[in-house]
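Visitor: Here is my input; please provide its structure:
(one chain, ligands or ions: 1)
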Amino acid sequence: MIGLIEKAEKFHRLDKDELVCLLSCNNDVAAELFAAADRICRKYIGDGIYLRALLEFSDYCRNNCLYCGIRAGNSTCLRYRQSVDDIVQAAVFAKRKGLETIVLQSGEDTFFDSDKMCDIIKRIKALDMAVTLSLGEKSTEEYAAYKKAGADRYLLRIETTDEAVYKAMHPNMSLKNRKRCLYDLKILNYEVGTGTLVGLPNQTAESLAEDILFYVEAGADMVGIGPLIPHPQTPLASAKAGDIMTVMKMVALTRLLLPKANIPAVTAVETLHKGSRDKVLAAGANVVMPNVNAENLKEKYEIYPNKYGIGKSAAEVIKNIENGAKVIGKRVLKSKGNSKAFTPAVVIGLTGGIACGKSYVSSLLAKKGFAVVDCDKIVRELQTYDEDVMKKIKAVFPLAFRNVDGKDVLDRAKLSELTLAKEDGLAEMEKIMIPLVLQRVRELIVFFKKQGKKYIVIDAPLLFEAGLNALCTLVICVYADDEVSLKRYLAREGTSKERLSVLKTRQLPLSEKMKMSDVCIKSENESETAAAVDKFVSECVNMGDVGEK
Ligand code: 5AD
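Guide: Numbers count the residues shown, from 1 in each chain. I've put the predicted structure just below:
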């Protein structure tokens, strides 16, 4: 066990079994684990505790999470919404108290649409504060709009990575969409916070270990881990509260695996056990989020009962944090406290018409050191290795498979033939492939971002059609004269004019794509194209560090 802690402290890596082992360790080993996490925290972050002003501005929520007191189904919850002016005023108040970050949290309240949120964000950014949002699941376009308005960070706990537990706790929601949101946020250059609700019914040590591995996989910049506190007006009224020791182990292990992440000691730990906030701050955590709401609203935002901080002013709470910090040899810092793990990237969409010379541009960008996510290649890989994809295709196109040594193998040429021969065949294939390709694209971009790649290209014929443009900093459209494209297309194997006309029915016209793009590059003559790409690359580099503050 001690060997595992030493390994984690040195290499910041543990596998699932090792995490399970440490999550189940006895108190003596746990003490060693906390000490190691504290050392790593001081080494990478220092002795500072960052403060964030938490403003809960609406407790209306469209969701029905079984554990949460502000769930739509709780008719006893006293609902409120603050006005845009009051929200901005609260930020002014926080800034006056010396707090440089405001966390805007609410239920999933559709009243605050994209325009209202962007207005709030812009007005608070004018105060020179870091803006963190915690508004739940939104569309890619909404996340992009908030970012454009100036939002810096976003908190969205995964809650649990266990499919069955997630499903049982979150009616009409899906783990898949939650992950989509987190990947979107990461790709859009937010500092991304996620985390776990510890103590959900049927949650296991294995799933908690998976949660930590997920934080790493998703490139979390911040991780908030807290215990479940049963709320009497919810279906979990008689559930057991989450275990503080497990929360502390999760915090410590997260610190060891993500040394640079910002990790709060959340309000729920102090609520459940007075004094435990400081213990968590001595076991790897480095952030506290005092509530700056008006007293009458603090009580109403009752995700769980008897929230710590009710009846205390923000100034009192801050004083209390400062006193606690001294005892554990830390000090409160009121600066913005940006994540030291944050790595912004420029994401470039690359699209064009059929046989327009896009692959050539893509290869030139790759030569310049840009990371390339190639959607056609993803399709090929999925259709070669992914059992699930094969099963889905087989249900629609059984004749596309050949039996080789007792195994079903997909004949892609045959599939393409069958797809075009069948009415709506192409649409059916897209229905199978696009969601899986989109998921893989997101994973690959995050993978490259974590590697520190500054420029990432999404090479996608259907970039606009699939909505991937919403993830891009800018889009390049590659074009060529119709006749040139046609000639190139017909020179490829297995093509025909008829096939081309079917393919075209599934794509926006090239002229539309060009209008929607930021840069258009002609790809007819190789040296001219190379010169255009060179020019683009130098301008791109001059754009500097997108997303950096
Ligand atoms: N106890 C503890 N935490 C809760 N949350 C929601 N309900 C409860 C509860 N009863 C947490 C969720 C959510 C965060 C804002 O509050 O994990 O992500």
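
Visitor: Could you report the distance from the residue nearest to A427 when sequence neighbours are not counted to the ligand?
Guide: Spatial nearest neighbour of A427, excluding adjacent residues (Cβ to Cβ, 6 or more residues apart in numbering): R506 at 7.2 Å. (C-beta placed from N, C-alpha, C; glycine too.) Look at R506 and the ligand: by Cβ to the nearest ligand atom, to the nearest Å, they are 39 Å apart.

Visitor: Report pLDDT for R506.
Guide: R506 carries a pLDDT value of 87.

Visitor: Would you mind naming what in the stretch 251-400 of the chain lies close to the ligand?
Guide: Residues of the stretch 251-400 of the chain found near the ligand (Cβ under 6 Å from any ligand atom) are A268, I303, Y304.

Visitor: mind listing the strands for the stretch 351-500 of the chain?
Guide: 371-374, 401-404, 407-410, 455-459, 474-479 (DSSP state E, counting those that start in this stretch).

Visitor: wait, what's in contact with the residue of the stretch 1-150 of the chain found nearest the ligand?
Guide: Going by Cβ to the nearest ligand atom, the ligand is nearest to C68 of the stretch 1-150 of the chain, at 3.8 Å. Contacts for C68 (Cβ atoms under 8 Å, 6 or more residues apart in numbering) come out as C61, H231, T234, I303.

Visitor: again, only this time at 7 Å
Guide: Contact analysis of C68 by Cβ atoms under 7 Å, 6 or more residues apart in numbering lists T234, I303.

Visitor: Phi and psi next, for it.
Guide: Dihedral pair for C68: phi -100, psi 130, per degrees, to the nearest 10.

Visitor: going forward can the numbers begin at 485, since that is how I track them
Guide: Noted, 485 is the first residue going forward, which turns the last one into C552.

Visitor: Show the pLDDT at it.
Guide: 98.

Visitor: can you list the residues that contact stretch 874-888?
Guide: By Cβ under 7 Å, 6+ apart, stretch 874-888 touches D892, V893, L894, D895, K898, L899, L902, E912, I916.

Visitor: and it, how far apart are its ends?
Guide: Terminal residues of stretch 874-888 lie 15 Å apart, using Cα to Cα, to the nearest Å.

Visitor: thinking V731 is in contact with P711, fair?
Guide: Yes - if you go by Cβ atoms under 7 Å, V731 and P711 touch, sitting 5.2 Å apart.

Visitor: Those two - which one has more neighbours?
Guide: Shown here are V731 and P711; by other Cβ atoms under 10 Å, V731 has more neighbours (29 against 26).

Visitor: Now for the more buried one: which residues touch it?
Guide: V682, I709, G710, P711, V753.

Visitor: Out of those residues, who's the most crowded?
Guide: Using other Cβ under 10 Å as the neighbour criterion, I709 leads those with 31 neighbours.

Visitor: Give the buried residues for stretch 925-941.
Guide: When burial is assessed from 16 or more other Cβ atoms under 10 Å, stretch 925-941 yields the following buried residues: 925-930, 932-934, 937-941.

Visitor: Could I get the average pLDDT for it?
Guide: 96.

Visitor: ok, residues contacting it?
Guide: Contacts for stretch 925-941 (Cβ under 7 Å, 6+ apart): 664, 667, 670-671, 702-703, 827, 829-832, 834, 846, 849, 854-857, 859, 862, 942, 952, 1024.

Visitor: at 8 Å instead, please
Guide: Contacts for stretch 925-941 (Cβ under 8 Å, 6+ apart): 664, 667-668, 670-671, 701-703, 827-834, 846, 849-850, 853-857, 859, 862, 942, 944, 952, 955, 1024, 1029.

Visitor: Would you list the buried entries among the residues you listed?
Guide: 664, 667-668, 670-671, 701-703, 827-834, 846, 849, 854-857, 859, 862, 942, 944, 952, 955, 1024.

Visitor: Lowest-confidence entry in the contacts of stretch 874-888?
Guide: Lowest pLDDT among the contacts of stretch 874-888: D892, 87.

Visitor: Beta-bridge partners for that residue, please?
Guide: N887 (DSSP bridges).

Visitor: Contacts only, for it.
Guide: M874, K878, F885, R886.

Visitor: try it again with 10 Å
Guide: Contacts for D892 (Cβ atoms under 10 Å, 6 or more residues apart in numbering) come out as E871, M874, K875, K878, P882, A884, F885, R886.

Visitor: any idea how far E1008 is from the fifth one?
Guide: Yep, that's P882 we're talking about. Using Cβ to Cβ, to the nearest Å, P882 is found at 42 Å from E1008.

Visitor: How about the fourth one?
Guide: Distance, K878 to E1008, by Cβ to Cβ: 41 Å.
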